[in-house]
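Peer 1: Compute the structure for the input listed below.
(one chain, ligands or ions: 1)
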Amino acid sequence: MQRRIDEQTAAVKVEVPAAAARRKTIIQLVDIDKTYTSGGRVLNIFSSLSYKIVDGSFLSIVGPSGCGKSTLLKLIAGLEPPTAGRVLFNGQAIDGPPKGMIYVFQQYSKSIFPWRTVIENVAFGLSTTRNISRKDRQARCKEYIDLVGLSGYEDYYPAQLSGGMQQRVAIARALICEPKVLLMDEPFSAVDAMTRAILQELLLNIWDRLPITVLFVTHDVEEAVFLSSRILSLGRPPNTIKEDVMVDLAYPRDQIETRGDPDFSSIRQRLFKSIFLQEKADEPAAR
Ligand SMILES: Nc1ncnc2c1ncn2[C@@H]1O[C@H](COP(=O)(O)OP(=O)(O)OP(=O)(O)O)[C@@H](O)[C@H]1O
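Peer 2: Coordinates of the predicted model:
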């Protein structure tokens, strides 16, 4: 499947049904309020937040530390209830983790079992799938292990793999459930810069091949620009949306060429400036 989404303009190349389906709204936030109360302190994170996420998009969520990026992902995943308002998934209000969405955490070591091999970890993603023969289960596991580039490592244990390889196992385990939405909270922040660059390309390749929407939280503006078709930049709580940026850089993206594109630099600069100025204004010396 070749993906050439142009969400910004209606000038889409060829109107085929699959492409049209990918542009429908898959997730809608309707007038969301979110307040945390802890230790007598009330923290109002979101106030009347409304937003639509297009099916098949790659949306990154960025913003200053503590602005509510993870909270937004948890609201969408049904892991946190909104204080007011609704989250709709394919038009249905969610009131708990919905089938069809899956979460990949930053700490891959928490997502995979150290006592299971790669193939056993990936097979765990199928544990709620009934009516699948042992042979088909093995074949599907191998297919997803291959998708994340780990063929040949089926019988290895996590401790025998690098951090990047362990995160690949976590991704395969998430994808084998065939989710419609993949939610990723800083999934690459615990690996070194080069591994991260390789995992970014791997993720784009997977997104290109599978009919999924990716929601991706990151602190790294460059990572967001490299990966995303759209970027939501949140401001300080109680916030509404600070910036909503369409990233009109062609796919497939390339770590060298895309990052050298003047449009890449100007989007990065715009978002970096906005977030940096907010972080700076919050420094104790500035108060
Ligand atoms: N369960 C909770 N109870 C009380 N406060 C919470 C809870 N979860 C998050 N918070 C607070 O809500 C605010 C937003 O947290 P959140 O983790 O969503 O922000 P973030 O933008 O993802 O942060 P970071 O960039 O530092 O990872 C923070 O001030 C945090 O301390």
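Peer 1: Whatever residue of the stretch 151-287 of the chain ends up closest to the ligand: how many residues sit nearby?
Peer 2: Ranking the residues of the stretch 151-287 of the chain by distance to the ligand (Cβ to the nearest ligand atom) places H219 first, at 5.9 Å. To be clear about C-beta, it is placed using only N, CA and C from the backbone, and glycine gets the same treatment. By other Cβ atoms under 10 Å, 14 other residues sit near H219.
Peer 1: Surely S233 is within a helix?
Peer 2: No - applying DSSP: H, G, I helix; E, B strand; the rest coil, one finds S233 to be strand, outside a helix.
Peer 1: my guess is the residue of the stretch 151-287 of the chain closest to the ligand meets C67, correct?
Peer 2: No - look at H219 against C67 with Cβ atoms under 8 Å: they stay out of range, at 10.6 Å.
Peer 1: so what's T35 closest to, chain neighbours aside?
Peer 2: Sequence neighbours aside, T83 is the residue nearest to T35 in space, at 4.6 Å (criterion: Cβ to Cβ, 6 or more residues apart in numbering).
Peer 1: again, but for F105
Peer 2: Counting by Cβ to Cβ, 6+ apart, F105 lies nearest to S111, which is 5.4 Å off, once chain neighbours are set aside.
Peer 1: Please apply the same query to D261.
Peer 2: L249 (6.0 Å).
Peer 1: where's the one you found, which helix or strand?
Peer 2: Using DSSP states H and E, L249 is not contained in any helix or strand.
Peer 1: how close does it sit to F264?
Peer 2: 6 Å (Cβ to Cβ, to the nearest Å).
Peer 1: who touches both of the two?
Peer 2: Contact with both L249 and F264 is made by residues V225, T258, according to Cβ atoms under 8 Å, 6 or more residues apart in numbering.
Peer 1: mind listing the helices for this protein?
Peer 2: Remark: helices assigned in the chain by DSSP state H are 17-22, 69-77, 108-111, 118-124, 134-147, 163-175, 193-209, 221-227, 262-281.
Peer 1: With Q92 as the reference, name the closest of those helices.
Peer 2: Comparing the helices of the chain against Q92 with Cβ to Cβ, the closest turns out to be helix 69-77 (13.2 Å).
Peer 1: Check what contacts that closest one and list those residues.
Peer 2: Contact with helix 69-77 is made by 27, 29, 32, 34, 45-46, 61-63, 80-82, 87, 97, 101, 103, 181, 183, 185, 215, 217, 234, as judged by Cβ under 8 Å, 6+ apart.
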